[in-house]
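[1] One predicted model, sequence on top.
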Amino acid sequence: MSQVTKIATPFQLMPDLPSWEYDALRESIKQHGVIVPVVKDEHGTIIDGHHRDRACHELKIKDVPTITLAGLTDEQKRDQALILNLVRRKISRKQMRAIIASELRRSPDVSNQWLAEIVGSTDKTIQSVRKELITASEIPILDAYRAKDGKRYPATRLYTERAKQVDRARLALASLGDDAPRKPVSLKLLEREAKKKERASQIRGRYLQPAEHAQVRLYHSSFQKLESVAQIEAASVDLVLTDVPYNREFTKQFDDLAEFAARILKGGGIFCVYVGVIQVADAIKSFTRHLDYQATAFSSWQGVGPVIQPLQCVIQTTPILIFSKGSWVRSTRWYNCFQNNSTEQDLHEWQKPLVDVEHWLLSFSEPGDLICDPCAGSGTTAMACHRNERRFVGGDCDRDAIRLAQRRLSNEMTMKIEKVRKG
Ligand SMILES: C[S@@+](CC[C@H](N)C(=O)[O-])C[C@H]1O[C@@H](n2cnc3c(N)ncnc32)[C@H](O)[C@@H]1O
């Protein structure tokens, strides 16, 4: 038999399990694993599941299914602990009255109805315990009682199965603070939000209006306004190389985008666009209304990409559609699949690897050509142009993305100057 020792934690509000019950729980965990997840707050403090956690510790089980609840006040954590415990445990009448008394001593202003709901008892029992405590002068008679309304707000709720995932969740929650989404979330979503916040805090400096004759010009503008904002002349661009958002919302803009490309491209100019797997049919339908379809190409990688639901399709390629304005005039050979395993996403959520963009840029343009990326994001196409002696004009409707892209480019230029200086 195990010795049941007291675990000192702020939210263990229930008496310890009798030792025979604890041993049975430990044995069950040994045989079947943890069936009911341990509930912790964002700092790793256990709200519910002290005995399960202890048994796992003794059994040296590291990966414990865990639900992390973040953003709750201590009051709310105690309420949760009581609710979760009382739902599962068989409580004698005497134990229930003791729990009610302890809760009333702790917060005498809680209403009978709300406390009854928390501990799973009746208003009448609460009132009876309250009366006893008032008679014994342990709690005051109050005029108003705090009800459930306005007291509770949802927690960030996260389910994980591995110990390392709990640590990752804690890190993401710590960097998100009050910005953590108050709803059930996946670890992936939480980490993405944390990364977004981190990136936003890194973006410093102002958006700079590009100089009229600069080789690389990046504007804060939607592509719908880019021609007038950036003074792009009709039929002046050799290649439109872009990467659109892979969502159904953007699909509605496909016609506008192809019309824009058809206006600014020279005759024989190329429109080369990364699209989402789910967008291919709509993209071809819209783009062929304005340009001539030529080929489909792919950027591919090994390993697991995002999964398309409900198809259960694990993505390992991004389709790239290639159109021309009028006939195909290029005579250079090119390869329609570029494989790379680089994961450069430190600047933008949808950032493309530079080598990937360079592959398509070099396939469809020559030094000195004018390239346009109307959905420039963190400026990968602009960077590729700068490195490969192409002129560039582009924009993005997200000001932060453009500030980031401008800073990225200016760092690149500084590095280039330093290299030249050092010889
Ligand atoms: C897939 S991301 C581009 C990422 C880029 N290839 C990179 O490496 O950073 C698509 C971009 O399109 C931008 N966007 C969406 N709608 C737009 C519009 N109407 N005009 C201009 N940009 C738009 C989004 O803000 C986003 O930054």
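    Perfect, thanks for sending it.

[2] Show me the domain layout of the protein.
    19-197, 216-422 (automatic domain parsing).

[3] quick one: which of those domains is nearest Tyr207?
    The minimum distance between Tyr207 and the domains of the chain falls on domain 216-422, with 5.1 Å, by C-beta to C-beta. Every residue, glycine included, has its C-beta placed from N, CA and C.

[4] rewinding a little: which of the domains of the chain sits closest to the ligand?
    domain 216-422 (2.5 Å; C-beta to the nearest ligand atom).

[5] Tell me the pLDDT of the residue of the stretch 51-200 of the chain found nearest the ligand.
    Per C-beta to the nearest ligand atom, Arg199 is where the stretch 51-200 of the chain lies closest to the ligand, at 11.4 Å. For Arg199, the pLDDT comes out at 74.

[6] Ok, Tyr207 next?
    78.

[7] Around the ligand, which positions in the chain sit nearby?
    Proximity of the chain to the ligand, by C-beta under 6 Å from any ligand atom, involves residues 222-224, 243-245, 250, 253, 348, 350-352, 374-375, 377-378, 380, 395-398, 401.

[8] Please identify the buried residues of stretch 106-119?
    108, 110-112, 114-116, 118-119 (16 or more other C-beta atoms under 10 Å).

[9] One more: stretch 80-93?
    Buried residues in stretch 80-93, counted by 16+ other C-beta under 10 Å: 80-82, 84-86, 91.

[10] ok, residues contacting that stretch?
    The set of residues external to stretch 80-93 that reach it, using C-beta atoms under 8 Å, 6 or more residues apart in numbering, is 11-14, 36, 39, 47-48, 69, 72, 99, 103, 118-120.

[11] related to what we said a few turns ago, I'd say the residue of the stretch 51-200 of the chain closest to the ligand and Leu347 touch.
    Yes - at 6.9 Å, Arg199 counts as touching Leu347 under the criterion of C-beta atoms under 8 Å.

[12] what residues are shared contacts of those two?
    Leu404.

[13] which residues touch Ile270?
    Neighbours of Ile270 in contact, by C-beta under 8 Å, 6+ apart: 238-240, 294, 322-325, 330, 364-365.

[14] just the CA coordinates of the one helix or strand Lys197 maps to, formatted as PDB?
    Using DSSP states H and E, the element containing Lys197 is helix 187-202. In PDB, the C-alpha atoms belonging to helix 187-202 read as follows (Å, rounded to 0.1, in the frame of the first residue of the first chain):
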ATOM      1  CA  LEU A 187      -1.300  23.900 -29.700                       C
ATOM      2  CA  LYS A 188      -0.600  24.700 -33.300                       C
ATOM      3  CA  LEU A 189      -3.000  27.600 -33.300                       C
ATOM      4  CA  LEU A 190      -1.700  28.900 -29.900                       C
ATOM      5  CA  GLU A 191       1.900  28.800 -31.100                       C
ATOM      6  CA  ARG A 192       0.900  30.500 -34.400                       C
ATOM      7  CA  GLU A 193      -0.800  33.300 -32.400                       C
ATOM      8  CA  ALA A 194       2.300  33.700 -30.200                       C
ATOM      9  CA  LYS A 195       4.600  33.900 -33.200                       C
ATOM     10  CA  LYS A 196       2.300  36.500 -34.800                       C
ATOM     11  CA  LYS A 197       2.500  38.600 -31.600                       C
ATOM     12  CA  GLU A 198       6.200  38.200 -31.400                       C
ATOM     13  CA  ARG A 199       6.600  39.200 -35.100                       C
ATOM     14  CA  ALA A 200       4.300  42.200 -34.600                       C
ATOM     15  CA  SER A 201       6.400  43.400 -31.700                       C
ATOM     16  CA  GLN A 202       9.600  43.100 -33.800                       C
END
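
[15] From the contact counts, what lies against it?
    strand 156-160, helix 163-176 (3 or more C-beta pairs under 8 Å, 6 or more residues apart in numbering; DSSP states H and E).

[16] repeat that for 10 Å
    When contacts are defined as 3 or more C-beta pairs under 10 Å, 6 or more residues apart in numbering; DSSP states H and E, helix 187-202 sits against strand 66-70, strand 156-160, helix 163-176, strand 184-185, helix 399-422.

[17] hmm, back to that, same list (the buried residues of stretch 80-93) but as JSON lines, adding secondary structure and pLDDT.
    Below are those laid out as JSON lines (DSSP: H, G, I helix; E, B strand; the rest coil; pLDDT from 0 to 100):
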{"residue": "Gln80", "secondary structure": "helix", "pLDDT": "78"}
{"residue": "Ala81", "secondary structure": "helix", "pLDDT": "80"}
{"residue": "Leu82", "secondary structure": "helix", "pLDDT": "78"}
{"residue": "Leu84", "secondary structure": "helix", "pLDDT": "74"}
{"residue": "Asn85", "secondary structure": "helix", "pLDDT": "72"}
{"residue": "Leu86", "secondary structure": "helix", "pLDDT": "70"}
{"residue": "Ile91", "secondary structure": "coil", "pLDDT": "71"}
